[in-house]
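Peer 1: output the structure for:
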Amino acid sequence: MSLWKRFFSTDKKAELDSGLQRTRDNLWSRLGKLFTGKSTIDEDLLDQLEEALVSADVGIDTTVEILQRLQEKAANQRYRNSHELQQLLEQAVLSLLPPVADNWEPFTIPANQRPYVILVVGVNGVGKTTTIGKLAYQYKQAGYQVMLGAADTFRAAAVDQLTIWSQRAGVPLVKQGMGADPSAVAFDTVQSAMAKNMDVVIIDTAGRLHNKKHLMEELGKIKRVIGKKLPGAPHEILLILDGSTGQNALEQARQFMAVTEITGLVVTKLDGTAKGGVVLAISHQCQVPIRYIGLGEKITDLQPFDPTSFVHSLFDHQPIP
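Peer 2: Residues are numbered from 1 along each chain as shown. Here you go, the predicted structure:
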């Protein structure tokens with residue numbers, strides 16, 4: 001069974017549906033009555049649909065684009081009932097989102113890139129350390145040897161938290177004392193991983209965004225020292241975003257993308273919010289692939305992001321009478 005099939009099995013679909021329940025309930029508290037008995041897309045429907053999408057933090061720009069595409073699809077494809085209208089809405093949303101790259105598989109690394117180095121960035125409080133622990137566990141479950149690096153040396157709690165997660169995932173951790181040079185920790189981690197024939201290296205970084213210049217310099221130094229030890233590394237730079245913050249998550253993505261190259265995104269805490277629509281805004285406006293989404297606190301509660309499965313889960317509902 002491929003990893004994609006495993007992650008979108010019946011059990012995993014149920015987890016996705018459960019994780020998006022609050023957002024879906026918020027949407028359908030508005031969409032249920034709105035779609036009932038509709039056979040044409042009129043101004044009233046568009047106005048109320050706009051309000052429903054904005055309430056789920058899809059955002060104005062992305063919402064406007066969705067409505068335009070929905071109108072175009074409805075003009076070309078007649079629909080007979082609310083279920084078909086829902087399908088047209090899903091198609092309109094999916095047409096905005098970048099597809100998953102054909103050559104990307106979740107929790108899989110290229111055969112010729114070992115150790116595969118992942119640098120993780122994001123502000124404090126978004127679930128960065130938790131996500132690293134979940135990533136480590138999933139890569140280990142996929143059969144890889146994984147090592148973590150605690151390069152967020154400005155917060156003692158960050159190192160302590162990562163220590164706990166490394167123990168939960170059952171993977172080794174490289175760390176130094178608080179205040180140590182982050183790039184030195186990153187270098188030591190990669191060096192140790194190479195000596196021990198590790199497959200995957202995941203490195204935590206400081207979660208500060210108050211000084212863009214300092215952030216850019218710090219991340220730049222980490223990338224340089226890693227690259228000197230292992231040409232081509234880091235191979236992935238993941239930005240962690242807290243989905244429960246809605247449009248603030250989109251703004252954080254823009255700020256980080258302005259100062260460093262981001263190759264993938266992880267959106268966390270979707271199970272505890274009615275603002276899960278922000279995933280659509282982030283995917284549409286950033287055009288950087290969302291790699292994973294966080295749907296809970298358990299170590300297994302990290303799913304690959306598949307746009308089709310996500311959109312269907314978001315808008316799927318019990319049939320409307």
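
Peer 1: tell me where the protein has helices.
Peer 2: 3-7, 10-19, 21-35, 43-55, 60-76, 82-94, 128-141, 156-169, 182-195, 212-229, 247-259, 278-286, 307-315 (DSSP state H).

Peer 1: export these to a markdown table and append columns for distance to residue 120 and mean pLDDT.
Peer 2: Every C-beta, even on glycine, is put in place using the N, C-alpha and C of the backbone. A markdown table is the format used below for these (distance: least, C-beta to C-beta, whole Å; pLDDT from 0 to 100):
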| stretch | distance to residue 120 | mean pLDDT |
| --- | --- | --- |
| helix 3-7 | 20 | 54 |
| helix 10-19 | 21 | 82 |
| helix 21-35 | 25 | 80 |
| helix 43-55 | 30 | 86 |
| helix 60-76 | 26 | 88 |
| helix 82-94 | 28 | 85 |
| helix 128-141 | 6 | 96 |
| helix 156-169 | 10 | 92 |
| helix 182-195 | 11 | 96 |
| helix 212-229 | 11 | 85 |
| helix 247-259 | 12 | 89 |
| helix 278-286 | 17 | 92 |
| helix 307-315 | 22 | 90 |
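
Peer 1: quick one: closest of those to residue 104.
Peer 2: Residue 104 sits nearest to helix 3-7 of all the helices of the chain, at 9.8 Å, using C-beta to C-beta.

Peer 1: hang on, the earlier thing: okay, the helices of the chain in TSV with mean neighbour count and distance to residue 295 next?
Peer 2: As requested, these are exported to TSV (neighbours: other C-beta atoms under 10 Å; distance: least, C-beta to C-beta, whole Å):
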stretch	mean neighbour count	distance to residue 295
helix 3-7	15	12
helix 10-19	16	3
helix 21-35	18	10
helix 43-55	16	21
helix 60-76	16	22
helix 82-94	18	19
helix 128-141	23	10
helix 156-169	18	17
helix 182-195	20	28
helix 212-229	16	28
helix 247-259	18	16
helix 278-286	24	11
helix 307-315	19	10
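
Peer 1: tabulate those helices (TSV), appending distance to residue 111.
Peer 2: Shown next, in TSV, are these (distance: least, C-beta to C-beta, whole Å):
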stretch	distance to residue 111
helix 3-7	15
helix 10-19	26
helix 21-35	38
helix 43-55	42
helix 60-76	37
helix 82-94	31
helix 128-141	15
helix 156-169	23
helix 182-195	17
helix 212-229	20
helix 247-259	29
helix 278-286	28
helix 307-315	27
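
Peer 1: so for stretch 287-299, first residue to last residue, what's the gap.
Peer 2: One end of stretch 287-299 sits 28 Å from the other (C-alpha to C-alpha, to the nearest Å).
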